[in-house]
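Novice: Predicted model and sequence below, questions to follow.
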Amino acid sequence: MQDRPTQDELLTALERFLDEQVVAKTEGALSFNGRVAANVVRMLRRELDHEDEALEREWAGLDALLGAVERPSARTELRDALTARNAVLCERIRSGDIDPLTATTHIRQTVHDKLMVTNPAWLQE
Amino acid sequence: MPSNDELNERLSAFLKRHHNSRAVHIDGLRLLTGGASRQTWSFDATVEHRGDRSETLALILRADPRRSELMTKGIEYALLESVVEHGVLAPKMHANGDDSIGVPFFIMERLEGETIARRLIRDDTYANTRAVLPGQLAAILAKVHSVPLEAPGVRELPAPADGVSPAVHEIDRHEKIYRMLTPDPHPAFELAFRWLRERAPAIDERRLVHGDYRIGNVIFGPEGARSILDWELAHIGDPMEDIGWLCVRSWRFGGDKPIGGVGERDAFYAAYEAAGGARVDPARVRYWETFGNLRWGITCIVQVKQYLAGASGSIELASIGRRVAETEWELLKLMEA
């Protein structure tokens, strides 16, 4: 267990530094890249908040489409297993072995969860 | 690529020969965009002609140290000469390159103006631009699509094989890139490949397609469009491809209107037709907008691959991998409509 500040508190400090010391006080490429970097920090903070829940939902959706299998408990293994299962889903879509409409509902939920991390504003039309 | 000092020296010598002048001085040589390939440099050249006359020219050097597989500098030069000759608002060529700087290059005029899309969408300075630009882009695009296919620089461009629909040709090309490069499986893209193949328009209308016609590749000022840049993705294909690409949500840069964030579809189509463009089929534009989202998603993957392969340390390139989800979301929406 680490001492304070927490991951989120440190990332907040990094975000403030980028916004206030880099973006606001520089120009051109440095300012632009500073803004990109600050956005990356905001994304990482959201990812820390939402990842477990999103991975769990994606796994459950794939269970419904491909048949239930046991979910790895460690996060790294879970990510790898999800990549492998998504490759299977892709193969089924390609070969026409899955109803695109059924698959779409799950895929939309997964993409929604990705955007909640990467760019929540994109979800507002 | 030679060092900056060497480049300065070799460019001066090249331009001195080109102008048959007494001397050429180069100032302010700097790299604007591009890294290992497809570089754009800006500089001023003061040409001391024979006699006492001298003039200072604002120029752009386009160089390609990696000899891009996209388009050779020779074809790009000829293409730009052809489109300008046919009345398209594009940079005027100054000098075709040779082997003077050791990499393929050409030199063109430098136009002052803005290219940053978020300024177009937000700044008060460009309120008038926002109003006039859609109509101008429609008229310019109609001209692009009327450039004869046998014109120099156009006849050399990649084209679908006889009997192959431009849509199928583009899907094949992009699917190959996607399968070769993607680090992750993308179920949304699989749905899109299927959807696009099932609906590929049979219409075999072949025109010069700019290939990257969007805000970001337009130089503009408070009065409107000044020039269309970045012709390296030009090819022969369905003219509706350019219109669909311009509608891709990522090119609205936060603006709320479908055409580049600043224009309405119907008004754009009407202006395009009025300027001599082919009749617009809104369904085909939607088709190409869908394709455009897939294409932009694949481009994000191509770019993040460069970062993952260690070819670049750019934070922008790194984070672009996380933009793929935006295109997946748009694809799901467009396929449902």
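Specialist: Looks like it came in fine.
Novice: the longest helix in chain A is where?
Specialist: In terms of residue count, the longest helix belonging to chain A (DSSP state H) is helix A:28-66.
Novice: Remind me what it packs against, helices and strands.
Specialist: Under the contact definition 3 or more Cβ pairs under 8 Å, 6 or more residues apart in numbering or on different chains; DSSP states H and E, helix A:28-66 sits against helix A:7-17, helix A:75-95, helix A:100-118, helix B:315-320. No exception for glycine: its C-beta is placed from N, CA and C like everyone else's.
Novice: Can you give the distance of that helix from its chain's centre?
Specialist: Taking Cα atoms, centre = their mean, to the nearest Å, the mean C-alpha location of helix A:28-66 is offset from the chain mean by 3 Å.
Novice: Show the average pLDDT along that helix.
Specialist: What helix A:28-66 shows for mean pLDDT is 95.
Novice: likewise stretch B:246-263?
Specialist: Mean pLDDT, stretch B:246-263: 95.
Novice: what about that stretch, start to end distance?
Specialist: End-to-end distance of stretch B:246-263 (Cα to Cα, to the nearest Å): 10 Å.
Novice: and what of stretch B:212-220?
Specialist: End-to-end distance (Cα to Cα), stretch B:212-220: 16 Å.
Novice: Residues contacting it, please?
Specialist: The set of residues external to stretch B:212-220 that reach it, using Cβ atoms under 8 Å, 6 or more residues apart in numbering or on different chains, is B:111, B:113-115, B:117, B:120, B:126, B:129, B:133, B:137, B:141, B:144, B:225-233, B:242, B:245-246, B:248, B:251-253, B:260-262.
Novice: same question, stretch B:187-200
Specialist: A:86, A:89-90, A:93-94, A:96, A:100, A:103-104, A:107, A:110-111, B:165, B:167-168, B:171, B:175, B:178, B:287, B:290-291, B:293-294, B:297-298, B:328, B:331-332, B:335.
Novice: If you count neighbours, what's buried in the longest helix of chain A?
Specialist: The neighbour-count check on helix A:28-66 (16 or more other Cβ atoms under 10 Å in any protein chain shown) flags A:33-45, A:54-55, A:57-59, A:61-62, A:65 as buried.
Novice: ranges for the strands of the stretch 151-300 of chain B?
Specialist: B:207-209, B:218-221, B:224-228, B:235-237 (DSSP state E, counting those that start in this stretch).
Novice: Up against chain A, what does chain B have?
Specialist: Selection of chain B residues close to chain A by Cβ under 8 Å from any Cβ of the partner chain yields B:184-188, B:190-191, B:193-195, B:314-316, B:318-319, B:322-323, B:325-326, B:328-329, B:332, B:335-336.
Novice: Put the buried members of those into a ChimeraX selection.
Specialist: Selection of buried members from those for ChimeraX, criterion 16+ other Cβ under 10 Å:
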select /B:185,186,187,188,190,191,193,195,315,316,318,319,322,323,325,326,328,329,332,335
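Novice: Mark which of the residues of chain B next to chain A are part of helices, please.
Specialist: Using DSSP H, the residues of chain B next to chain A in helices are B:187-188, B:190-191, B:193-195, B:315-316, B:318-319, B:325-326, B:328-329, B:332, B:335-336.
Novice: Next, count neighbours for B:N217.
Specialist: Applying other Cβ atoms under 10 Å in any protein chain shown, we find 18 residues neighbouring B:N217.
Novice: Buried ones in the helix or strand containing B:R30, by neighbour count?
Specialist: For B:R30, the host element (DSSP states H and E) is strand B:23-33. Across strand B:23-33, burial judged by 16+ other Cβ under 10 Å covers B:24, B:26, B:29.
Novice: Go through these and name the one nearest chain A.
Specialist: B:L29 (17.0 Å; Cβ to the nearest Cβ).
Novice: Model confidence for that closest one, exactly?
Specialist: pLDDT, B:L29: 94.
Novice: My read is that it contacts B:D5, right?
Specialist: No. Using Cβ atoms under 8 Å, B:L29 is not in contact with B:D5; the gap is 9.3 Å.
Novice: Which residue is the nearest non-sequential neighbour of residue 109?
Specialist: By default, I'm working from chain A. Sequence neighbours aside, A:G61 is the residue nearest to A:Q109 in space, at 6.0 Å (criterion: Cβ to Cβ, 6 or more residues apart in numbering or on different chains).
Novice: Correction: the question concerned chain B.
Specialist: B:K92 (4.7 Å).
Novice: Low-confidence regions, chain B specifically.
Specialist: Scanning chain B for pLDDT under 70 picks out B:34-37, B:68-69.
Novice: Break it into its domains for me.
Specialist: B:4-109, B:117-336 (automatic domain parsing).
Novice: and the first one, how far out from the chain's middle?
Specialist: Pointing back at domain B:4-109 there. 18 Å.
Novice: what's the first-to-last distance across that domain?
Specialist: Span of domain B:4-109 from end to end, Cα to Cα: 20 Å.
Novice: Give me the neighbour count for A:V117.
Specialist: Neighbours around A:V117, by other Cβ under 10 Å: 20.
Novice: my guess is it contacts A:L55, does it?
Specialist: No. If you go by Cβ under 8 Å, A:V117 and A:L55 don't touch, sitting 11.3 Å apart.
Novice: Including mean neighbour count and distance to B:D52, could the strands of the stretch 151-300 of chain B go into TSV?
Specialist: As requested, those are exported to TSV (neighbours: other Cβ atoms under 10 Å in any protein chain shown; distance: least, Cβ to Cβ, whole Å):
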stretch	mean neighbour count	distance to B:D52
strand B:207-209	25	44
strand B:218-221	21	34
strand B:224-228	20	32
strand B:235-237	20	48
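Novice: Overlap of the contact sets of A:V117 and A:L55?
Specialist: With Cβ under 8 Å, 6+ apart as the test, A:V117 and A:L55 reach no residue in common.
Novice: In contact with B:P91: list those residues for me.
Specialist: Contacts for B:P91 (Cβ under 8 Å, 6+ apart) come out as B:60, B:80, B:84, B:108-111, B:227, B:229.
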